[in-house]
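Participant: okay, here's the prediction I keep looking at, along with the sequence it came from:
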Amino acid sequence: MIPRPRRALLVFLDGVGIGSGDASFNPFAVAHLPRLEALLGGRRPVAEHLDADGRIRTERAVLVASDATLGMEGLPQSGTGQTSLLTGRNAAKEYGRHFGPWVPTPVRPMLAAENLLSRAKAAGLTAVFANAYPLAGADPRIFRRPAAPMLAAQAAGALTRGAAELAERQAVASSITNERWRERLGDDMPQVTPEEAARTLARITAGADVTLFAHYDTDYTGHRGEMAGAVAALEKVDAFLGALVDALPADALLVVSSDHGNLEDTRGGHTRNPVPVLAAGPGHSPFGAARSIMDVAVGISYMVGFDPDLEEPDADRSDIEGEEG
Ligand SMILES: [Zn+2]
């Protein structure tokens, strides 16, 4: 019996893969991650901690190592990876290769039409992008070289939160805490802890059917290739996710995933490692069947019960069919 979620939150973490838990290069083996360990029964998202089937299953959550190479050669990149994660379509194959960090122009129409937020909206549901964006006076580069979550939000009419909303705790900074906004706006922008940001995101999630939040620092930090920074980035994410799980309403499904590996190996740049699909809350169990990042949007659409034309997740079906309400 799998309870259906009433609503879902997708937390996108850029550049987080699952690699060997070697403390000389993998911050997941070094960082203090009490909240993630509590969720995963004392284990961590490193290869050696996964069961033989590539999963960690606990009563509260499932984590599965999922393919991010999309069947293409070369190193996965953010533009095509994020587009695949948000649409369930193979953007790298459509474009002909991995591409990033921004979304290549030819796949933008597909991203706009088929991303999770646009699909939810087309089904008459509320779709929210929880990130604050510098809507006024923005650096035009972010619109010329856009990341997929922003394009998805724009297409769904959900790019609506800026500095004012962030200051009023009606939005979350992509960095989780507000220090980059404070560099620009000073004390007009309050400081927040990862826990406070998580409670804001939980409150936003409680008011919508589908919510997306995107965090990019994990990839930036991975590119720096320096262990102390990578550990700090992970510990912030751990505090944030732990508080988020505590604060989310009981009817909300949480899914956390990524576009490609990077942070898990400080020896340099993107990797071809699998990435985590971590799910918790009602309806989390079928996400253990996610084989690729393309299964994330499809799984959320299916579990929240919109877009019936989508293929159903093809594992754990008997469990889903057996449930009521
Ligand atoms: Zn990158």
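Facilitator: Great, that's in hand.
Participant: only C-alpha atoms, please: export stretch 264-278 in PDB.
Facilitator: The C-alpha trace of stretch 264-278 is given here as PDB (Å, rounded to 0.1, in the frame of the first residue of the first chain):
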ATOM      1  CA  GLU A 264      31.500  13.600  -5.400                       C
ATOM      2  CA  ASP A 265      35.000  13.700  -6.900                       C
ATOM      3  CA  THR A 266      37.100  16.700  -6.200                       C
ATOM      4  CA  ARG A 267      39.800  15.600  -8.700                       C
ATOM      5  CA  GLY A 268      38.200  17.800 -11.300                       C
ATOM      6  CA  GLY A 269      35.000  18.600 -13.100                       C
ATOM      7  CA  HIS A 270      32.000  16.600 -14.200                       C
ATOM      8  CA  THR A 271      31.900  12.800 -14.000                       C
ATOM      9  CA  ARG A 272      29.900  10.000 -15.700                       C
ATOM     10  CA  ASN A 273      28.900   8.700 -12.300                       C
ATOM     11  CA  PRO A 274      25.300   7.900 -11.600                       C
ATOM     12  CA  VAL A 275      23.400  10.600  -9.600                       C
ATOM     13  CA  PRO A 276      21.000  10.100  -6.700                       C
ATOM     14  CA  VAL A 277      17.300  10.000  -7.000                       C
ATOM     15  CA  LEU A 278      16.300  10.400  -3.300                       C
END
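Participant: end to end on stretch 64-73, go ahead and measure it.
Facilitator: Separation of the first and last residues of stretch 64-73 by C-alpha to C-alpha, to the nearest Å is 22 Å.
Participant: can you check stretch 199-212 too?
Facilitator: 15 Å.
Participant: again, but for stretch 100-117
Facilitator: Start-to-end, stretch 100-117 (C-alpha to C-alpha) is 21 Å.
Participant: that stretch - what's its average pLDDT?
Facilitator: Across stretch 100-117, pLDDT averages out at 96.
Participant: okay, buried residues for that stretch please.
Facilitator: Under the neighbour-count criterion of 16 or more other C-beta atoms under 10 Å, stretch 100-117 has 100-104, 107-108, 110-112, 114-117 buried. Glycine gets a C-beta too; all of them are placed from N, C-alpha and C.
Participant: ok now it, how far from the chain's centre?
Facilitator: 16 Å (C-alpha atoms, centre = their mean, to the nearest Å).
Participant: surely Glu195 touches Asp238?
Facilitator: No - the criterion here is C-beta atoms under 8 Å, and Glu195 misses it with Asp238 at 11.0 Å.
Participant: now the helices for the stretch 51-200 of the chain?
Facilitator: 78-87, 91-95, 108-114, 116-122, 141-144, 148-155, 163-167, 179-185, 194-206 (DSSP state H, counting those that start in this stretch).
Participant: which neighbouring elements make contact with the fourth one?
Facilitator: Just to be clear, that refers to helix 116-122. helix 78-87, strand 127-129, helix 148-155, strand 210-215, helix 295-304 (3 or more C-beta pairs under 8 Å, 6 or more residues apart in numbering; DSSP states H and E).
Participant: and the buried residues of stretch 100-117 as TSV, adding distance to Asn26?
Facilitator: Output for these, formatted as TSV (distance: C-beta to C-beta, whole Å):
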residue	distance to Asn26
Gly100	22
Pro101	23
Trp102	28
Val103	29
Pro104	30
Val107	32
Arg108	34
Met110	34
Leu111	31
Ala112	36
Glu114	34
Asn115	31
Leu116	30
Leu117	33
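Participant: Gly124: which of the residues you listed is nearest?
Facilitator: Leu117 (13.2 Å; C-beta to C-beta).
Participant: quick one: that closest one from Ala132, how far?
Facilitator: 16 Å (C-beta to C-beta, to the nearest Å).
Participant: and Leu33, by the same measure?
Facilitator: Leu33 is 26 Å from Ala132, by C-beta to C-beta.
Participant: one more: Val172?
Facilitator: Taken as C-beta to C-beta, the span from Val172 to Ala132 is 7 Å.
Participant: residues that sit against both of the two, list them.
Facilitator: Leu166 (C-beta atoms under 8 Å, 6 or more residues apart in numbering).
Participant: those two: who's more crowded?
Facilitator: Set Val172 next to Ala132 and count neighbours by other C-beta atoms under 10 Å: Val172 wins out with 27 against 22.
Participant: tell me the pLDDT of the more buried one.
Facilitator: The model's pLDDT for Val172 equals 98.
Participant: contacts only, for it.
Facilitator: Ala130, Asn131, Ala132, Leu166, Ala197, Thr200, Leu201, Ile204, Phe213.
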